[in-house]
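**Student:** Below are the sequence and a predicted model for it; my questions follow.
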Amino acid sequence: MNLRARKSTLRRDLKENKKGNNIFVKVVIYLAVIAALILGVFGSAVYFNGQSQRLNREIAVNETEIYKLDREIQNLKFSIEIKSKRDYIFEKIAQNNLGLRPADPNQIVKLIPSVYDFKNETFKAKKIAYSAKNPKNTKIVSD
């Protein structure tokens, strides 16, 4: 009986089997890591594509809202322009029977735009009173 020879062959077979399993496990792990990387790249591409589409939809909604608001601003400017005309104002005064009359020419006071006084570091506005009948008789009311 050759027990010793048989034990050594079993040991050799186990060592070879372990080496084979080791290589197999390494290959499986390597392939799993590569598959995980590929899936990660693919998943992130899908995620970012979805985010891009969502942002594009939001941009389109905001652009339409901006367009609507621009149109509303134009309409309001046009409305202000119409309602600030003298004829419109007098028409509304007559419609509502407010009993207003034009100002007496002696009541008209014109303000000159402010001037900055560098000495006192203040703004000055000059009041000028003039008559609509005779604008040559203009006088400075305050300085």
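**Tutor:** In hand now; what should we look at? Bear in mind the structure is a predicted one, so any value in this text is a computation, not a measurement.
**Student:** State the next helix or strand along the chain beyond the longest helix belonging to the chain.
**Tutor:** Determined from DSSP state H, the single longest helix within the chain is helix 3-83. Where DSSP states H and E defines the elements, the next helix or strand beyond helix 3-83 is helix 86-95.
**Student:** what mean pLDDT does that following helix have?
**Tutor:** When pLDDT is averaged over helix 86-95, the result is 86.
**Student:** While we're on residue 119, how confident is the model there?
**Tutor:** On the pLDDT scale, residue 119 gets 71.
**Student:** so how far is residue 91 from residue 78?
**Tutor:** As for residue 78, its distance to residue 91 is 18 Å (criterion: Cβ to Cβ, to the nearest Å). In short, each C-beta sits where N, CA and C put it, glycine included.
**Student:** Sorry, wrong one. I was asking about residue 75.
**Tutor:** Residue 75 is 21 Å from residue 91, by Cβ to Cβ.
**Student:** tell me the secondary structure for residue 103?
**Tutor:** Secondary structure, DSSP: H, G, I helix; E, B strand; the rest coil: residue 103 is coil.
**Student:** Now for it, how many residues are close by?
**Tutor:** 10 (other Cβ atoms under 10 Å).
**Student:** repeat for residue 75
**Tutor:** Neighbour tally, residue 75, other Cβ under 10 Å: 10.
**Student:** That one: what's it in contact with?
**Tutor:** Contacts for residue 75 (Cβ atoms under 8 Å, 6 or more residues apart in numbering) come out as none.
**Student:** Distance-wise, check residue 62 relative to residue 68.
**Tutor:** Residue 62 is 11 Å from residue 68, by Cβ to Cβ.
**Student:** make that residue 79, sorry
**Tutor:** From residue 79 to residue 68 the distance is 16 Å (Cβ to Cβ).
**Student:** Need the pLDDT of residue 104.
**Tutor:** Taking residue 104 on its own, its pLDDT is 78.
**Student:** hang on, I meant residue 129
**Tutor:** Looking at residue 129, the pLDDT reads 50.
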